[in-house]
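[1] Turn this into a structure:
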Amino acid sequence: MEEIQKIIDTLTPFTPADVVSVGVIDFKSSKFETFSTRKEPIHFDLASLTKVLTNSLGYFLEPKLYDEKTLLCLSHRGGLPAWGLLPKSGWKEIISSYEIKESSTLYSDYSALRVMLEIEKKGEDLKKICKKIWDSELVHWLDLPERVALVQYGYEHGEKLFGKVHDPNARNIESFCSHAGLFSTMDGLCRTLLNYQEKTGFIDQVKKDLGTHSHRFSFGWDRVENPEMALAGKGCGKFTFGHLGFTGTSIWIDPDKMKGHVILSNTVKEHWFDKSALNDLRLAVGEWVWKTL
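    Modelled structure (predicted):
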């Protein structure tokens, strides 16, 4: 495992991040190892990893709450726009105003929010459902404990952004939402994913579903479309799935190997528009994990 530490120590200086952590998970043995450029535990902004830890997790825990239209939104095929800046008040009415109709895949924060609102219409609380699985170190940004280690995620009105979610809509909404807003330590996220699998068996379910269609998403998880070119890393299997997060985060799981790797970072500290160095790191970590383990 020393190779993983060498990879992140060597490649992190080429990224905009000042801290990178990597988790390597063995779902067969329910064990994980973590590696970081910093020694102390850090709460990272998970960005869009929030989607699979809320909307997708909610499906595997309470599938009866997900009707046909909600499932279309979960798989980003409900015809909603990809994104737009939402107001602090009235955003629920905006998201709910769109007609859900089967469409081609369009990755959409609006679709993710609509999933949560459709569950709310049934009188259920998505956050309450998912907290049954979340580790204690995985929390919504408004629930961050005092005196925990945090890293910068850009600027807000000229001030350094610490302890606040990077996503502007999540900041505007300023309450729990399902498209962004969760923070976690690496250990907390790895424990959550192991608990996710133990309680739901989602890995086999996603693999089975991916074998039945050619759509990009399965229950909110993103498929690897080309194992030789994917950001999951060369050597992953054809049913590998995961998710990326805007702040420089990722989860990838190979259901045939029952292995996975997680990367958390703050590559949006100074800018967001060039992630080539981050992607080099993602590829190097993934290739090592799949080939070595």
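[2] where along the stretch 101-250 of the chain do the strands fall?
    138-140, 155-156, 159-160, 182-184, 217-218, 221-223, 241-245, 249-254 (DSSP state E, counting those that start in this stretch).
[3] hey, which of these is tucked in deepest?
    strand 182-184 (a mean of 29; mean count of other C-beta atoms under 10 Å). C-beta here means a position set from N, CA and C on the backbone, and glycine is covered the same way.
[4] ok, residue 188 touching residue 137?
    Yes. The criterion here is C-beta atoms under 8 Å, and residue 188 meets it with residue 137 at 2.8 Å.
[5] Among the strands of the stretch 101-250 of the chain, which comes closest to residue 114?
    Between residue 114 and the strands of the stretch 101-250 of the chain, the tightest spacing by C-beta to C-beta is seen for strand 217-218, at 14.4 Å.
[6] Tell me which strands the closest one pairs with, and in which orientation.
    strand 221-223 (antiparallel) (DSSP bridges).
[7] Determine the longest helix present in the chain.
    helix 276-292 (DSSP state H).
[8] ok now that one, how far from the chain's centre?
    17 Å (C-alpha atoms, centre = their mean, to the nearest Å).
[9] Repeat that for stretch 191-198.
    14 Å.
[10] In it, which residues are buried?
    191-197 (16 or more other C-beta atoms under 10 Å).
[11] now, among those residues, which is nearest to residue 65?
    Out of these, the member with the shortest distance to residue 65 (by C-beta to C-beta) is residue 196, at 17.2 Å.
[12] since we're on the nearest residue to residue 282 once chain neighbours are set aside, how many residues are nearby?
    Excluding its sequence neighbours, the residue lying closest to residue 282 (C-beta to C-beta, 6 or more residues apart in numbering) is residue 231, at 4.9 Å. The tally of other residues near residue 231 (other C-beta atoms under 10 Å) stands at 18.
[13] now residue 231: how far from residue 280?
    Using C-beta to C-beta, to the nearest Å, residue 231 is found at 10 Å from residue 280.
[14] One more: residue 27?
    From residue 27 to residue 280 the distance is 26 Å (C-beta to C-beta).
[15] cool, and residue 254?
    Taking C-beta to C-beta as the measure, residue 254 falls 20 Å from residue 280.
[16] go on, residue 60?
    Relative to residue 280, and taking C-beta to C-beta, residue 60 is found at 33 Å.
[17] and these two? which has more neighbours close in?
    A count of neighbours by other C-beta under 10 Å puts residue 60 above the other of residue 60 and residue 280, at 19 against 14.
[18] Could you pull up the contacting residues of the more buried one?
    Contacts for residue 60 were tallied using C-beta atoms under 8 Å, 6 or more residues apart in numbering; they are 196, 200-202, 205, 219.
[19] Mind checking which of these are in helices?
    196, 200, 202, 205.
[20] so what's the last one closest to, chain neighbours aside?
    I take that to be residue 205. Residue 205 sits nearest to residue 60 (C-beta to C-beta, 6+ apart), 6.9 Å away.
[21] Same check on residue 206?
    Nearest to residue 206 is residue 218, by C-beta to C-beta, 6+ apart, at 4.9 Å.
[22] So that neighbour sits against residue 241, correct?
    Yes. With contact defined as C-beta under 8 Å, residue 218 and residue 241 form a contacting pair (6.4 Å).
[23] where in the stretch 1-150 of the chain is pLDDT low?
    By pLDDT under 70, the stretch 1-150 of the chain has no low-scoring segment.
[24] mind running it again at 90?
    1 (pLDDT under 90).
[25] all helices of it, in order?
    Assigned helices in the stretch 1-150 of the chain, in chain order: 2-11, 49-61, 68-74, 91-96, 109-121, 126-130 (criterion: DSSP state H, counting those that start in this stretch).
[26] Mind checking these for the one nearest to residue 290?
    Here helix 2-11 is closest among the helices of the stretch 1-150 of the chain (C-beta to C-beta), at 12.5 Å.
[27] List the buried residues of the closest one.
    4, 7-8, 11.
[28] returning to that earlier point: so the residue nearest to residue 282 makes contact with residue 284?
    No. Contact criterion C-beta under 8 Å: residue 231 and residue 284 do not qualify, at 11.0 Å.
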